[in-house]
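**Student:** Dropping the sequence and predicted coords here.
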Amino acid sequence: MSNHTPNAALTIGQRIIAFNKSLQYTGKLPEGFAVLNPYLDNPETLQVMTSFYDKYYNDLVSRKFIIGINPSRHGAGVTGVPFTDTKHLENDCGIPMLSARTHEVSSVFVYDMIAQYGGVAAFYKDYYINSPFPLAIVRKNAQGNWLNANYYDDPELFALTREYMIETLKKHIALGLDTNEVYILGKKNATFLEKLNKEASLFKKMVVLEHPRYIEQYKSKEKQLYIDKFITLLKT
């Protein structure tokens, strides 16, 4: 279990809120990529994110770490809460967001899984979800539209953000996370996180799970099997 406690007087939630408030990426990006910081773009994002972590992380209990890729524009890119669109933030967590209405595919799977786990309070007491790159990345397509991008979509993007992601993962761990076993969402994500882990020795064991977006888009008929798989692994 990680012994990193930056300030024992602060709850896990207060540490997460401070971490999110200080987030910025000032490094270089390849041409055609941009980073969105939801906390700077919408004042209400800061409010609902703070409400969420005050509500579910108001203690000093160490959590296990579930690692995504990077926030989407419609999930954490709006709410500030990973894999949580405004619909699930309000309906499941009881925190309405007035300035935005979003529906995000991955959020549907995650909250169906959380319901089977035992509900939001039980799940968030045990787990913390975030990403190596904690801000939304977008890429301009040929038509000039900005679309969601992953940190590993472009070799140059990964190379330029690599050091930042290692530092960010260390900061996540320092919030008070158990590093013995972490859960990686997405097989391609795991391939790149293995590279970071090899370099920085962050985690002892990495358990790879399918990404919620992949399940919802391509394996929806087998969704219950995947929920059962997640629960089995996360409950052990």
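**Tutor:** Right, received. Where do you want to start?
**Student:** Just the C-alphas of stretch 71-85, formatted as CSV.
**Tutor:** Extracted in CSV, the C-alpha atoms of stretch 71-85 (Å, rounded to 0.1, in the frame of the first residue of the first chain):
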residue,chain,number,x,y,z
PRO,A,71,-11.0,12.5,-20.4
SER,A,72,-13.5,12.9,-23.2
ARG,A,73,-15.0,16.3,-24.0
HIS,A,74,-18.5,15.0,-23.0
GLY,A,75,-17.5,13.1,-19.8
ALA,A,76,-14.9,14.4,-17.4
GLY,A,77,-14.1,17.2,-19.9
VAL,A,78,-17.4,18.7,-18.7
THR,A,79,-18.0,17.4,-15.2
GLY,A,80,-14.5,17.1,-14.0
VAL,A,81,-15.3,13.5,-12.8
PRO,A,82,-13.8,10.6,-14.8
PHE,A,83,-16.3,8.5,-16.8
THR,A,84,-19.2,10.7,-15.5
ASP,A,85,-21.4,12.7,-17.8
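**Student:** So what sits opposite the spatially most central residue of the chain in the bridge?
**Tutor:** Nearest to the mean C-alpha position of the chain, by CA atoms, centre = their mean, lies residue 130 at 2.6 Å. Residue 130 has these beta-bridge partners by DSSP bridges: residue 67.
**Student:** List the contacts of it.
**Tutor:** Contact partners of residue 130, counting by CB atoms under 8 Å, 6 or more residues apart in numbering, are 65, 67, 68, 82, 172. Glycine gets a C-beta too; all of them are placed from N, C-alpha and C.
**Student:** neighbour-wise, which of these leads?
**Tutor:** Within the contacts of residue 130, residue 68 tops the neighbour count with 27 neighbours, counted by other CB atoms under 10 Å.
**Student:** Any idea how many residues pack against the residue nearest to that one when sequence neighbours are not counted?
**Tutor:** In space, and not counting its chain neighbours, residue 68 is closest to residue 131: 4.5 Å by CB to CB, 6 or more residues apart in numbering. Residue 131: 24 surrounding residues under other CB under 10 Å.
**Student:** Which helix in this structure has the most residues?
**Tutor:** The single longest helix within the chain, with elements called by DSSP state H, is helix 155-174.
**Student:** name the helices or strands packed onto that one?
**Tutor:** helix 12-21, helix 187-200 (3 or more CB pairs under 8 Å, 6 or more residues apart in numbering; DSSP states H and E).
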